[in-house]
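1. pasting the sequence and the predicted coordinates here, then a few questions.
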Amino acid sequence: MRRIELPNPNTNREHVCYRNQLQPEYEFEPEELKSVYQRHEAELLATAEQEAWGYLLDCGAWDSGPGEDFPCAAEMTGEWYVGRTGLKRLNDRIYGYIYMRFLGHYPPPTVRLPVDDYLGMDYTFYYDPETDTFEFDGFNTDAI
């Protein structure tokens, strides 16, 4: 798997997709949580990618052919990007998320791009300010 960076600035916090090539949508509530995220961004992305890789291995993505099961490794490009990410204070906890978007191949005839969004993974975690550490909470997947 390889993370890609999309080129277009997302100054209006618009929905991100491969077609519009917008950079991630960031959400920090309150705004001072942005610096916490930035300090830990590399480790959070590495953990999210590791969890995604484990999921794809465990779900049998490499065991099926195109059109048989979802997700299917043969339909994926191996590339992913961040669609949105952020940290929020909810009650007395700090909750975070990273929404990863994986690309897939779409052979003709299709209305989609030849390479387009395929699989979404919403990775969630909690932050402990006392230890300055993040704890992985889980993830959800969706077809996109």
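-> Sure thing, it's come through.
2. find the centremost residue of this protein, please.
-> With the centre of the chain defined as its mean C-alpha position, the nearest residue by CA atoms, centre = their mean is residue 100, 1.0 Å away.
3. spit out the contact partners of that residue.
-> Residues near residue 100 by CB atoms under 8 Å, 6 or more residues apart in numbering: 48-49, 52, 80-83, 120-123. In this view, the C-beta of every residue, glycine as well, is placed from N, C-alpha and C.
4. quick check: beta-bridge partners of it?
-> Legend: beta-bridge partners of residue 100 under DSSP bridges are residue 82, residue 121.
5. give the ChimeraX command for selecting the buried subset of the contacts of residue 100.
-> This is how ChimeraX selects the buried members of these, with burial counted by 16 or more other CB atoms under 10 Å:
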select :48,49,52,80,81,82,83,120,121,122,123
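6. a markdown table for the contacts of residue 100, including distance to residue 4 and pLDDT?
-> As requested, the contacts of residue 100 are exported to a markdown table (distance: CB to CB, whole Å; pLDDT from 0 to 100):
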| residue | distance to residue 4 | pLDDT |
| --- | --- | --- |
| 48 | 14 | 94 |
| 49 | 12 | 94 |
| 52 | 14 | 93 |
| 80 | 7 | 97 |
| 81 | 5 | 98 |
| 82 | 10 | 98 |
| 83 | 12 | 97 |
| 120 | 15 | 97 |
| 121 | 15 | 96 |
| 122 | 18 | 96 |
| 123 | 17 | 96 |
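7. so residue 37 belongs to a helix, correct?
-> Yes: using DSSP: H, G, I helix; E, B strand; the rest coil, the assignment for residue 37 is a helix.
8. so who does residue 16 touch?
-> Taking CB under 8 Å, 6+ apart as the contact definition, residue 16 lies against 6, 10, 22-25, 81, 83-84, 101.
9. wait, residue 144
-> For residue 144, the residues meeting the contact criterion (CB under 8 Å, 6+ apart) are 17, 101, 117-120.
10. of all these, which two lie farthest apart?
-> By the measure CB to CB, 17 and 119 form the most distant pair in the contacts of residue 144, at 13.0 Å.
11. partners of the helix or strand hosting residue 136, with directions?
-> Here residue 136 sits within strand 133-143, counting by DSSP states H and E. When pairs are called by DSSP bridges, strand 133-143 turns out to pair with strand 115-128 (antiparallel).
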